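>>> Here is my input, please return the structure:
(2 chains)
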Amino acid sequence: MTAAVGVTAWRASQVASQWVRETLAASSAAQGRVERQRLTDLRLMTRFTAADPSFAAYVTETDPTSARDLLLERQREVECDLMIALDPRGRVRARTDRAATTDEDLAGDPLVAGALEHGESSGLMRDGNRYWTAAVVPMTAGQESLLGFLIAGLAVDDELALDVGRGSGADVAYVALGSEPRVVASTLGDDPGVLQSITRLAVASRGRSAPSRLSVGGRTWAVEVTPLGGASGGANGGVVAVTLASLDRVLTPFRRIERVLVLVGLLSLAGAFVISWLLSRRVTRPLEQLADAAEAAREGNYDLALDHGGDDEVGRLARAFRGLLGELRDEREMEAYLGALSRSLPEAEPAPSADGDLLKAGRELAGRYEIVSRLGSGGYGVVYKARDRQLQDTVALKVLRPGVGEHGALEAIKEELRIARRITHRNVLRTHDFGEADGVAFISMEFVRGMTLRELLEHTARLPHSVALRLSRQLLAGVEAAHRMGVVHRDLKPENLILDSSGVLRIMDFGIARAARIRGTPGDRNTVVGTLGYLAPEQLDGHPGDVRSDLYACGAVLYEMFSGARPFTAVDSNELWYRMQNEDPTPLTQVAPETPPDVTRIVMHALERDPARRFGSASEMLEALGKVEG
Amino acid sequence: MAIAVPAFPSATDSLRGRVVLEDRGKASAEVAAAIVYFVPDQRPAVAAPVRAEITTRNRRFAPRTLAVPVGSSVSFPNEDPIQHNVFSLSPGNRFDLGRYGKGESRGTKLSTPGVVRLFCNVHRDMAATVLVLDTPYYARVGSQGEFSIDGAPAGPGTLHVWHPRAEPWQQPVVLPLDDALDVRLSVTLPAVPAHFDKFGRPYRDDAGETYR
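Alright, predicted model coming up:
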């Protein structure tokens, strides 16, 4: 702002000095032009009037009254301010400004003297207090006889000053020097202070000066002094023209601009303060909220509302924190739910050993694992709780059924597991190792104390919406992590999903299904029926299945979690097989009308028979689930 | 002024009427400068010369118009404080009285019938007209334009009305007339006719030569 004001002031002074130069030059030119024009016109007009012999004879020969009368008439006609008829020796015969006094002699006037000597003259003429631009011309009868002289004059008055000033934009004052210097005429009115200052300046200039400054009563001018009236316009007794260029006038717009600049600057500053305060409020308010929420969360309250925030860092932080709070809330709710549920469950019984135990408790395997108890059995084998002596940890050992590893399938399982082990995600059960000992092939895995989703579903007709939604998200999060690593599960089903006591869902058996099938045997008929409901139609056609097959399976699991029912119902596996390949699943809205429409949409979308019409990826489906309220 | 010289016993009582001078649709008071004269077809006896005066006063000729019989003398007393120079360039009656001042009077004899235009050589705006007539039956109209000529002979003749600012008007009439005449004139000429100074040169041309 200071810079702007400074630049304006600097520019103003530049423009002002330029304007002063131009104005003074223009005024000087106008002064010269008007003066020359006045003299030229006067000479012409005076010669013309004097050339009329009747006029000349009349004003020189008649009585003063008659002469004055005619002079007045001519003066009116030619619109000058003064006419004087002189006799051949320069004595006044008649003059228009007053009745002629006897024996008034103008022979001593420099202008008249010039005419007496040279026949004609023109220039500045003084008469008492008055000044005239005048021409003196002889009046003759015939060629020789001189009758007298005719003087015509134009007053040096305010009108002349205005005339000169009008052409240049400057003020003009005519100052008579001499014994009593004074302003004779000006465009400046009659302020005595101003006129006195101008008079002093004119006297000091001694007739001519370079431009200088004059300040009177708060007004400032650039001033130049030039002599007026040629021949008689000397330093002493002459008249000088004082040209005044008003700096106030030229600087006024700049002063106004300066004021506006200062005002605008102050307003901008004030505006900037307000805006930055508002901006800082925008940043600090969400931060305050976050801090409040964090403190509340420490105290166990996860339900504080948070604004959505923008796209900036604070917005991201808010979203992340909201997600964190959501997870904490989920976890706590799940924990509460599962806690309540587990209290209502009957005491866990030892799993029936219908399939026959492959290993007895207490048996040692591979010199490393001690079988603790049997946890359950699946399509590919029996799962035991075991003690890993090497790592001093409890693990789960999945002992593959004899025959699963035939025809080189074990090598394929190893290869698949090698990849699957790389998946590290809280919703994917860690697979530790693959081993073979004493003719038994086994996989060691992370041991989780909890229950499978299947067990949960068996004890409760249908999961509460919020629990189902949270489990769904965990399922998809795990699947998405696996898919990102290029691992497809191909046999997702409630039996493969373990929930621990805090409600964390883990997906088991990544990489096993395909490898186990390499031999081309779907296992015994019961096993097939048990998992048939979650296989995608293309898998039923013999297709190995891809990520979209997993999404189909997820859809089936979700269907069951939200409704407590399976997508297809059939009396036997043959009918189920047929219906899954040829029919659409029973609409979710039909079996569970209270399911939110967006959940229904997601589930049914995942259950499309044509893989191309399902979600394109797990992350896509996870994102859709993330948007579901609840 | 009406000078009637009864020349015939059969003179009519009077020839009466009224002149109206219209200036832009209005009756002008300048009508008072009009002169009415009757010229019988049978030439009457010539009127006796008279002495008349036109004064220069306030830089004007007064009266502006004058009718005199042939051979009359007109004098021009100057009542102004300034000098005038009365002259005329009218054919047959040229004269130049020169400059003279207040209280002086100079005169001339007008011996040729016709219109004599008078001017001042000093003051261009001064103008007057003298009608030099060879009939005794003439009169200046009154302030309202009314006129009355006495003693004109019965019989045919021409009635003339002359005004310095209107075209000359004339009409054959047979006296005596039963009714008063109404004569309508219109202003068509300037107050001061264009003229030269006594040397036959233009006065200084001040019309276009304005100063400043």
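>>> what's the straight distance from one end of stretch B:102-112 to the other?
Start to finish, the residues bounding stretch B:102-112 are 29 Å apart (C-alpha to C-alpha, to the nearest Å).
>>> Tell me, how many residues neighbour the residue of chain B found nearest chain A?
Chain A sits closest to residue B:82 of chain B, with a gap of 3.6 Å, by C-beta to the nearest C-beta. Where C-beta positions appear, they are placed from N, C-alpha and C, glycine not excepted. Other residues within reach of residue B:82, judged by other C-beta atoms under 10 Å in any protein chain shown, total 22.
>>> list the contacts for the closest residue to it other than its chain neighbours?
Leaving aside its sequence neighbours, residue B:82 sits nearest to residue A:66 (C-beta to C-beta, 6 or more residues apart in numbering or on different chains; 3.6 Å). Residues in contact with residue A:66, defined by C-beta atoms under 8 Å, 6 or more residues apart in numbering or on different chains, are A:58, B:81-83, B:101, B:122.
>>> low-scoring stretches of chain A, by residue?
Where chain A drops to pLDDT under 70, the residues are A:1, A:100, A:229-237, A:304-309, A:342-358, A:378-380, A:403-409, A:511, A:513-531, A:630.
>>> quick one: buried residues of stretch A:615-630?
Buried residues in stretch A:615-630, counted by 16 or more other C-beta atoms under 10 Å in any protein chain shown: A:615, A:617-619, A:621-622, A:624-625, A:628.
>>> Select the longest strand from chain B.
Criterion DSSP state E: the longest strand present in chain B is strand B:14-23.
>>> Packing partners of that one?
Counting contacts by 3 or more C-beta pairs under 8 Å, 6 or more residues apart in numbering or on different chains; DSSP states H and E, strand B:14-23 packs against strand B:35-40, strand B:146-150, strand B:181-186.
>>> which residues of the stretch 401-550 of chain A fall in strands?
Counting by DSSP state E, counting those that start in this stretch, one finds strands in the stretch 401-550 of chain A at the ranges A:431-437, A:440-446, A:450-452, A:497-500, A:505-507.
>>> how about those strands, which one is nearest chain B?
Of the strands of the stretch 401-550 of chain A, nearest to chain B by C-beta to the nearest C-beta is strand A:505-507, at 112.0 Å.
>>> closest point of the stretch 51-200 of chain A to chain B, which residue?
For the stretch 51-200 of chain A, C-beta to the nearest C-beta, closest residue to chain B: residue A:66, 3.6 Å.
>>> what about that residue, which SS state?
Look at residue A:66: counting by DSSP: H, G, I helix; E, B strand; the rest coil, its state is helix.
>>> State the distance from it to residue A:103.
19 Å (C-beta to C-beta, to the nearest Å).
>>> Against residue A:414, how distant is residue A:205?
Taking C-beta to C-beta, one finds residue A:205 at 116 Å from residue A:414.
>>> between the two, which one's more packed in?
For residue A:205 versus residue A:414, neighbours defined as other C-beta under 10 Å are more numerous around residue A:205 (21 against 17).
>>> contacting residues for the more buried one?
A:225, A:240.
>>> Can you pull up the most central residue in chain A?
Nearest to the geometric centre of chain A sits residue A:275, at 12.5 Å (C-alpha atoms, centre = their mean).
>>> what's the following helix or strand after the helix or strand where that residue lies?
Using DSSP states H and E, residue A:275 maps to helix A:247-298. Of the helices and strands lying after helix A:247-298 in sequence (DSSP H and E), the nearest is helix A:313-344.
>>> so where's chain B shaky on pLDDT?
B:1-13, B:44-45, B:204-212.
>>> what does the helix or strand hosting residue A:161 rub up against?
Counting by DSSP H and E, the element that carries residue A:161 is helix A:158-166. Residues outside helix A:158-166 that contact it (C-beta under 8 Å, 6+ apart) are A:27, A:30-31, A:34, A:38, A:133, A:154, A:171-174, A:185-187, A:241.
>>> For it, buried residues please.
Under 16+ other C-beta under 10 Å, the buried positions of helix A:158-166 are A:158, A:160-161, A:163-165.
>>> can you tell me which residues contact the nearest residue in space to residue B:74 that is not next to it in sequence?
Setting aside the residues directly before and after it, residue B:74 is nearest to residue B:52 in space (C-beta to C-beta, 6+ apart), at 4.9 Å. Residues in contact with residue B:52 (C-beta under 8 Å, 6+ apart) are B:66, B:68, B:72-75, B:130.
>>> picking up where we left off before, redo the helices and strands packed on strand B:14-23 as TSV? Include mean neighbour count and distance to chain A.
Shown next, in TSV, are those (neighbours: other C-beta atoms under 10 Å in any protein chain shown; distance: least, C-beta to the nearest C-beta, whole Å):
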stretch	mean neighbour count	distance to chain A
strand B:35-40	22	30
strand B:146-150	19	37
strand B:181-186	17	31
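>>> can I get these in CSV with distance to residue A:115?
As requested, those are exported to CSV (distance: least, C-beta to C-beta, whole Å):
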stretch, distance to residue A:115
strand B:35-40, 51
strand B:146-150, 59
strand B:181-186, 52
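>>> So how do I select the buried members of the contacts of residue B:52 in PyMOL?
Command for PyMOL that selects the buried part of those, burial taken from 16+ other C-beta under 10 Å:
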select buried, chain B and resi 66+68+72+74+130
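>>> In helices, which of the contacts of residue B:52 appear?
Per DSSP state H, helices hold no members of these.
>>> Run through the residues of the stretch 151-300 of chain A sitting next to chain B.
residue A:154 (C-beta under 8 Å from any C-beta of the partner chain).
>>> Let me see the backbone angles for residue B:57.
Main-chain dihedrals, residue B:57, degrees, to the nearest 10: phi -150, psi 130.
>>> Surely it touches residue B:80?
Yes. If you go by C-beta atoms under 8 Å, residue B:57 and residue B:80 touch, sitting 6.2 Å apart.
>>> Neighbour count: those two, which is higher?
residue B:80 (20 against 12).
>>> nearest spatial neighbour of the more buried one, skipping sequence neighbours?
Using C-beta to C-beta, 6+ apart, the closest residue to residue B:80 is residue B:56 (5.7 Å).
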